[in-house]
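In: my questions concern the predicted model and sequence given below.
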Number of protein chains: 2
Amino acid sequence: MSRVRVHNLFISLDGYSAGTYVTEAEPIGKARVLFGDFDDRVIEDVHRVDEPITADRIFTSTWGQGIGAEIKGRRKFGPQTGPWGDDDWRGWWGDAPPFRTPVVVLTHHERAPLAFDNGTVFHFVNAEPAEALAFARDLADGGDIRLGGGPSTVRQFLQADLVDFLHLATVPVVLGEGESIWPGCSGLEERFDVETLVSASGRTHRLFNRR
Amino acid sequence: MSRVRVHNLFISLDGYSAGTYVTEAEPIGKARVLFGDFDDRVIEDVHRVDEPITADRIFTSTWGQGIGAEIKGRRKFGPQTGPWGDDDWRGWWGDAPPFRTPVVVLTHHERAPLAFDNGTVFHFVNAEPAEALAFARDLADGGDIRLGGGPSTVRQFLQADLVDFLHLATVPVVLGEGESIWPGCSGLEERFDVETLVSASGRTHRLFNRR
């Protein structure tokens, strides 16, 4: 069984997971504060960070287990909008994007795939969620599909009932504005079993498993 | 930094993690009840089990992250005691032990290493904890060392202050007798930061990180 999984979606008390705009310097806009001391290491296995192995780290370290492909929105690849320009933008990550699998980037502006030596290959696809998922599954070699955000992409897949697992980490900060997964998702709890744990940092981890 | 880590040590309310004896049919004796619905899959990554991704599964799935070698007591390799006989015992796991790294088996009766195609190699060593750890680190190629039990082996390493991380899962059952990690470990909380979370199953997960 290949599942569709969302990991490490950090969310403010008022429900926002990314800023209303992103720039090259601020990949998730003002929502950067949600990550706190995680910095850019929210996806790392526990042994890759020279810090205590806390519950927060254990929860976030499952990000890569058994993933065969990722699907994400265009903003999670770069800050540009509209037709692709002539710049040499190759994503937020430099020469070694951490994915090491095919990554389907949802965009109205398709372009040729972009491949890296470490196994990461970005595919730029103009598709609705179900169609994008079928495309990703073809690339995933039987592995699970990770839905990599941002919030609006997760929201669209939730509305289409295409998500099997969702890990939310609520952080006790108030952002005031931004992008949220919740609009149009009322009654979500009727489709999922929800388990809630609180870590010593004050983060609340919620695990949604589709029934 | 190569850490010494204990993962998935299940413990009863009265403090026992294994039975007082083991047999070929009962590898941890009467303490089998501690594992409940985990069966033999307590070490699996979350995608390898076709069940909901619960907090219990997330905690236990970190077992393999970044491990370069394991150290364990002889009972965790087999039920025999005394000098090795002529049987063809190759461990509890059949042809593919799940470790895929060197494994140091502590025993008063040394013997030649035993290698498997999947990368698991058992080394049978008569050594005190510090000496065994130095031997394992030489084999681990920079990876972390997992201390694989049983309880008496973990206890000896705790007493020698050689453990950096310890994950205990307390299960609300009462065993009445068995092996425990606690004798001789009073004041352990002074050497470790302890984080406690309770999962929906009723298991209590405690993460000890050495200060």
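Out: Looks like it came in fine. Residues are numbered from 1 along each chain as shown, chains lettered A, B, ... in the order given.
In: for the host helix or strand of residue A:122, C-alpha coordinates in PDB please.
Out: Using DSSP states H and E, the element containing residue A:122 is strand A:121-125. Output of strand A:121-125 as PDB, limited to C-alpha atoms (Å, rounded to 0.1, in the frame of the first residue of the first chain):
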ATOM      1  CA  VAL A 121      14.500  15.200  -9.900                       C
ATOM      2  CA  PHE A 122      12.000  18.000 -10.100                       C
ATOM      3  CA  HIS A 123       9.100  17.500 -12.500                       C
ATOM      4  CA  PHE A 124       7.000  20.600 -13.200                       C
ATOM      5  CA  VAL A 125       3.400  19.500 -13.800                       C
END
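In: quick one: distance of it to the chain centre.
Out: Distance of strand A:121-125 from the chain centroid (CA atoms, centre = their mean, to the nearest Å) equals 15 Å.
In: mind listing what's buried along the following helix or strand past that strand?
Out: Note on strand A:121-125: by DSSP H and E, the next helix or strand toward the C-terminus is helix A:129-139. Residues of helix A:129-139 classed as buried: A:129, A:132, A:133, A:135, A:136, A:137, A:139 (neighbour count, 16 or more other CB atoms under 10 Å in any protein chain shown). Using the backbone N, CA and C atoms, a C-beta is placed for each residue, glycine as well.
In: ditto for stretch A:184-196
Out: A:188, A:192, A:195.
In: now do stretch A:152-166
Out: Across stretch A:152-166, burial judged by 16+ other CB under 10 Å covers A:152, A:153, A:154, A:155, A:156, A:157, A:158, A:162, A:163, A:164, A:165, A:166.
In: keeping just the C-alphas, turn the helix or strand hosting the third one into PDB.
Out: Meaning residue A:154. Using DSSP H and E, residue A:154 falls within helix A:151-159. Extracted C-alpha coordinates of helix A:151-159, given in PDB (Å, rounded to 0.1, in the frame of the first residue of the first chain):
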ATOM      1  CA  PRO A 151      -0.500  24.900   3.100                       C
ATOM      2  CA  SER A 152      -2.700  25.500   0.100                       C
ATOM      3  CA  THR A 153      -1.500  22.400  -1.600                       C
ATOM      4  CA  VAL A 154      -2.200  20.300   1.500                       C
ATOM      5  CA  ARG A 155      -5.600  21.900   1.700                       C
ATOM      6  CA  GLN A 156      -6.500  20.900  -1.800                       C
ATOM      7  CA  PHE A 157      -5.500  17.300  -1.300                       C
ATOM      8  CA  LEU A 158      -7.400  17.200   2.000                       C
ATOM      9  CA  GLN A 159     -10.500  18.600   0.300                       C
END
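In: what's in contact with the strand holding residue A:122?
Out: Strand A:121-125 is contacted by residues A:77, A:91, A:97, A:101-107, A:109-115, A:132, A:135, A:139 when judged by CB atoms under 8 Å, 6 or more residues apart in numbering or on different chains.
In: buried subset of the residues you listed?
Out: Applying 16+ other CB under 10 Å to those flags A:77, A:91, A:97, A:101-107, A:114, A:132, A:135, A:139 as buried.
In: between the residues you listed, which sits nearest residue B:67?
Out: residue A:101 (22.5 Å; CB to CB).
In: list the contacts of that closest one.
Out: Residue A:101 touches A:67, A:68, A:69, A:70, A:119, A:120, A:121, A:139, A:140, A:143, counting by CB under 8 Å, 6+ apart.
In: same deal with residue A:64?
Out: Residues near residue A:64 by CB under 8 Å, 6+ apart: A:43, A:45.
In: and the pLDDT for it?
Out: In this model, residue A:64 is scored at 94, pLDDT.
In: before we move on, back to that, nearest to residue A:181 among the buried ones among the contacts of strand A:121-125?
Out: residue A:106 (15.4 Å).
In: correct me if wrong: residue A:162 contacts residue A:5.
Out: No. Using CB atoms under 8 Å as the test, residue A:162 is too far from residue A:5 to be in contact (11.2 Å).
In: pairing partners for the strand holding residue A:122, with directions?
Out: Here strand A:121-125 is paired, per DSSP bridges, with strand A:102-106 (parallel), strand A:111-115 (antiparallel).
In: what mean pLDDT does the first one get?
Out: Translated: strand A:102-106. Strand A:102-106 comes out at a mean pLDDT of 98.
In: now the angle between helix A:129-139 and it, please.
Out: 160 degrees (axes from the mean of the first three to the mean of the last three CA atoms, to 10 degrees).
In: list of residues touching strand A:102-106?
Out: A:68-74, A:76-77, A:97, A:120-127, A:132, A:135-136, A:139-140, A:148, A:153.
In: any chance of a PyMOL selection covering the buried ones in those?
Out: Burial among those is assessed by 16+ other CB under 10 Å; the matching PyMOL selection reads:
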select buried, chain A and resi 68+69+70+71+72+73+74+76+77+97+120+121+122+123+124+125+127+132+135+136+139+140+148+153
